[in-house]
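Asker: Any chance you could fold what I've pasted below:
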Amino acid sequence: MKNKMKNIFKRKLKSICLLSLLLGLVGCSELDQINPNELSESAFWQTEQDLEQGIIAAYDVLQFWETYGQNFHILYSGLSDEGTNEHPFEFNALVRFTLSDSDEFGGPHWVNNYALISRAYQVLENEPRFGKPEIAGQAEFLIALGYFNLVGLFGENVAYVDRVQQPSDRPSSAENGQIYALMESMLLSAIQKLPLSWPENQYGKVTKGAAQALLAKTYFQQQRYAEAEPLLKAIIDSNQYSLLPVFNDNFRETGAVNPEALFVVNFIENGPTNETDSHRRHQVFSPSEGGGAFGDIQCSNMILNAFQREETAAGSKDSRMDYTIIYPGSSLTYYGLSGQVWADGAPNQDLVTGFYKYSEQENVENNVDPVSGSQTFMAILADGGTDYVVIRYADILLMYAEALNAAGNTAQAVQYVDQVRARSGRPMVATAYPAFTGSQSAFRDRIEQERILELSGENWRFFDLKRYGKYNNAQQVEDENFASFTDGQDEVAPIPQRELDLNANLLPNQAN
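Answerer: Modelled structure (predicted):
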């Protein structure tokens, strides 16, 4: 049933061109030329089916290579202390905070998040005509998600857009707190409108739990832990989610609905070549170049060090390690080769690990030479069919523990960390780390490490560093790329210059 849903729900609309991108402000190519044979905006919104097509068009942005199809992973891993680029490729300067072109990576991030926001606003504006609040709730979530990603990279002073834009509109830069307030308003409204779950053939649509989780994450980025706590408890008490018995099943295509996933972006292996159905993460994330992989993003030593500390403290190897990174000594192969072979080819012999999550091992192993019929072990774009889990229940449990700890309820918080550890056969925190359960500050530090062990390679470390106040030059102790991080500048990416040139109401930020 899930595969059927993925073909129906995530199909890219090609029969219409929604006039939804910000004209002038984003200068998106979708609006560079308007086909007079296509429906106008006013002629399109006629039926409930049109409204449903509109929300699918908004979801579709999440599959783009500039979003979860590729770039989000490059930006959030590469700009955190978990990822690096050791080849002299296009991402080398990016991960070292020395990129001079503010448009090269920031431009697509800006354009496509505002495309998501704009498409969702069109749905929200037209929904009252049809009385479909559950669709409005999805649109509100997607608007908040777009802003979450914009604020995460550029800071709070991005363009303030709170409605469908007209060609003459030139939105002003938001004041501090203004975007967060808009996100909060959108998500509080969405929570009231969204169902707890959808039928299996609509897997991937936003639920109440997803909206609660994103609002909790929005509060976390502002250190508003007390307001996040009841939202996280409501998710747990809803009994809608559970940890998968097998950790690694979160990162490979199982053909089944994932009970641990609060929000996913659907992808399809070997989908139509003219649609955005495959992701490319597995090709850009690899220990080095080879086997059809590009070697664009490798791991820093931060993740390896965390797992080695865990092994020392607990007295046994963490089973999550081999399914998180490929490294010399791993029990697994990566595209048919051992971790040692990949390490031998690493461009920097001080950094010899790569991300294993979402590497599509099963799909790559099924690739055969059409002539000989033998395995090629060559990764191709069409292999990228595993759904990307944006928010997992394990994350919710760790966040709830952190919120409880922030409120001084450390003893109560420990059990939620233990639930996550137990799934992977790890000893309880009090057994492995007795010194870390005795104080609020020590346990907060332990939760940070638990998030590395559980969530590395899933884009959250970037946001964690920011909310922990560790996104600074001092983080070079974990990742030497931060040695070129300029405090007071590189906490945010520069507003793309093209956007500043097009919109006189938009102000540069500290990085410009």
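
Asker: host element of Gly146?
Answerer: Counting by DSSP states H and E, the element that carries Gly146 is helix 133-154.

Asker: Pull out the buried residues from the strand or helix carrying Ile447.
Answerer: Remark: Ile447 resides in helix 440-455, with elements defined by DSSP H and E. Applying a neighbour-count criterion of 16 or more other CB atoms under 10 Å, one finds Phe443, Arg444, Arg446, Ile447, Glu448, Glu450, Arg451, Ile452, Leu453, Glu454, Leu455 buried in helix 440-455. The C-beta positions use only the backbone N, C-alpha and C, and glycine is treated the same way.

Asker: Packing partners of it?
Answerer: With contacts taken as 3 or more CB pairs under 8 Å, 6 or more residues apart in numbering; DSSP states H and E, helix 440-455 sits against helix 302-314, helix 393-406, helix 410-423, helix 460-467.

Asker: Turn the buried residues of helix 440-455 into TSV, columns for distance to Phe141 and pLDDT.
Answerer: Formatted as TSV, the entries for the buried residues of helix 440-455 read as follows, by distance: CB to CB, whole Å; pLDDT from 0 to 100:
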residue	distance to Phe141	pLDDT
Phe443	31	98
Arg444	29	98
Arg446	31	98
Ile447	26	98
Glu448	27	98
Glu450	27	98
Arg451	23	98
Ile452	27	98
Leu453	29	98
Glu454	24	98
Leu455	21	98
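
Asker: Which one of these is nearest to Tyr147?
Answerer: Using CB to CB, Leu455 is the member of the buried residues of helix 440-455 that lies nearest Tyr147, at 21.9 Å.

Asker: how near is that closest one to Ala483?
Answerer: 25 Å (CB to CB, to the nearest Å).

Asker: what do you get for Phe251?
Answerer: For Phe251, the distance to Ala483 (CB to CB) stands at 31 Å.

Asker: which of these two has more neighbours?
Answerer: Remark: of Phe251 and Ala483, Phe251 carries more neighbours, 22 against 12, as counted by other CB atoms under 10 Å.

Asker: How much space separates that one from Ala403?
Answerer: Taken as CB to CB, the span from Phe251 to Ala403 is 26 Å.

Asker: Which strand or helix spans the nearest residue to Leu99 once chain neighbours are set aside?
Answerer: Among residues not flanking Leu99 along the chain, Ala93 sits closest, at 4.4 Å (CB to CB, 6 or more residues apart in numbering). Applying DSSP H and E as the criterion places Ala93 in helix 92-95.

Asker: what's the answer for Val264, then?
Answerer: Using DSSP H and E, Val264 sits within strand 261-265.

Asker: So which other helices or strands are in contact with that strand?
Answerer: If you count contacts as 3+ CB pairs under 8 Å, 6+ apart, strand 261-265 packs onto helix 208-221, strand 388-392, helix 393-406.

Asker: please redo it, this time with the cut-off set to 6 Å
Answerer: With contacts defined as 3 or more CB pairs under 6 Å, 6 or more residues apart in numbering; DSSP states H and E, the secondary structure elements packing on strand 261-265 are helix 208-221, strand 388-392.

Asker: Which among those is found nearest to Leu79?
Answerer: Leu79 lies closest to helix 208-221 among the helices and strands packed on strand 261-265, at 15.4 Å (CB to CB).

Asker: just the angle between the closest one and helix 393-406, please?
Answerer: Here the directions of helix 208-221 and helix 393-406 differ by 40 degrees (axes from the mean of the first three to the mean of the last three CA atoms, to 10 degrees).

Asker: now helix 208-221, how far from the chain's geometric center?
Answerer: The gap between the average C-alpha position of helix 208-221 and the chain average comes to 14 Å, counting by CA atoms, centre = their mean, to the nearest Å.

Asker: Run through the neighbouring helices and strands of it.
Answerer: In terms of contact count using 3+ CB pairs under 6 Å, 6+ apart, helix 208-221 is assigned the packing partners helix 178-193, helix 225-237, strand 261-265.
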